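Peer 1: I'd like to go over a predicted model; first the sequence, then the structure.
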Amino acid sequence: MKANILEECLKEFLKHRLANSNDNAHDIGHLIRVANNAKRIMEKEGGDPLVIIASSYLHDIVSLPKNHPEKKQSSKLAAQEAAKILSTEFPAFPKELYSSVEHAILTHSYSANLPPETIEAKILQDADRLDALGAIGLARVFYIAGMLGQSLFHHDDPFALNRPLDDKSYTIDHFQTKLFKLPEKMNTTEGKKLAQSNAQYLVDFLSKLSSEIKGDLINTDGFIKNFLSSSS
């Protein structure tokens, strides 16, 4: 089975499977971007293309909401569902690769906090986390926050200089609790390079936001930029 054929078949399958989903943060666009990220990293790091394509497109086949009490089980449920889909919808997919696909999906999740042990799993984890950074990541974080009914920021202390971070209440806090930590958690050299560049985009955004909060619509807040760069 060729990876490019598998990819096209998975796209068609998922367009129908996800047609009625209202989770636009984990839609077919997200899956395609993750697959593209993974293929780029694979060019530098190696790995089995069938495993990488299958796990990239199926890693969120079960994706519980961030405020769901069983959220940490999402990747386990997705891994199990992915194996079922491969066996029923893609019988030509090599059975000996099922376990590799399941492991990659199981360990991709940030909330599950399980270590990836294969190069394919490391690549998938990096590829998925890259979609939380940069312009796409910025759009996704505010989309999800809107779905959850979160405030944009704490109006008295937007960047938590004198209060505990609380990203369940304030969207901007999520940048410091998770997003700025992603570059150092990347598994691959290529993933880390891409993550550092795209995390800087978010730092620049918050620097501009800080100035606008203070009423300055032209400049950027150098203090916030330096503060967030050092804390990332």
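Peer 2: Structure received. Predicted, not measured: the structure shown is a model, and the values here were computed from it.
Peer 1: Can you give me the domain boundaries for the chain?
Peer 2: Domain assignment for the chain, taken from automatic domain parsing, gives 3-124, 134-231.
Peer 1: Identify, out of those, the most deeply packed stretch.
Peer 2: domain 3-124 (a mean of 18; mean count of other C-beta atoms under 10 Å). Using the backbone N, CA and C atoms, a C-beta is placed for each residue, glycine as well.
Peer 1: now the end-to-end length of it.
Peer 2: 15 Å (C-alpha to C-alpha, to the nearest Å).
Peer 1: and that domain, average pLDDT?
Peer 2: With pLDDT averaged residue by residue, domain 3-124 scores 91.
Peer 1: Quick one: distance of it to the chain centre.
Peer 2: On the basis of C-alpha atoms, centre = their mean, to the nearest Å, domain 3-124 sits 12 Å off its chain's mean C-alpha point.
Peer 1: Next: stretch 180-192.
Peer 2: 12 Å.
Peer 1: Which strand or helix spans Gly47?
Peer 2: Secondary structure from DSSP states H and E places Gly47 outside every helix and strand.
Peer 1: pretty sure it is touching Ile119, no?
Peer 2: Yes - if you go by C-beta atoms under 8 Å, Gly47 and Ile119 touch, sitting 4.6 Å apart.
Peer 1: in a helix, that's where Glu96 is, yeah?
Peer 2: Yes - under DSSP: H, G, I helix; E, B strand; the rest coil, Glu96 sits within a helix.
Peer 1: Can you tell me how far it is from Leu50?
Peer 2: Distance from Glu96 to Leu50, counting by C-beta to C-beta, to the nearest Å: 10 Å.
Peer 1: can you list contacts of the helix or strand hosting Tyr57?
Peer 2: Assigned by DSSP H and E, Tyr57 belongs to helix 49-58. Residues outside helix 49-58 that contact it (C-beta atoms under 8 Å, 6 or more residues apart in numbering): 1, 3, 6-7, 10-11, 14, 31, 34-35, 38-39, 42, 78, 81-82, 85-86, 90, 93-94, 97, 100-101, 104-105, 108, 120-121, 123-124, 127.
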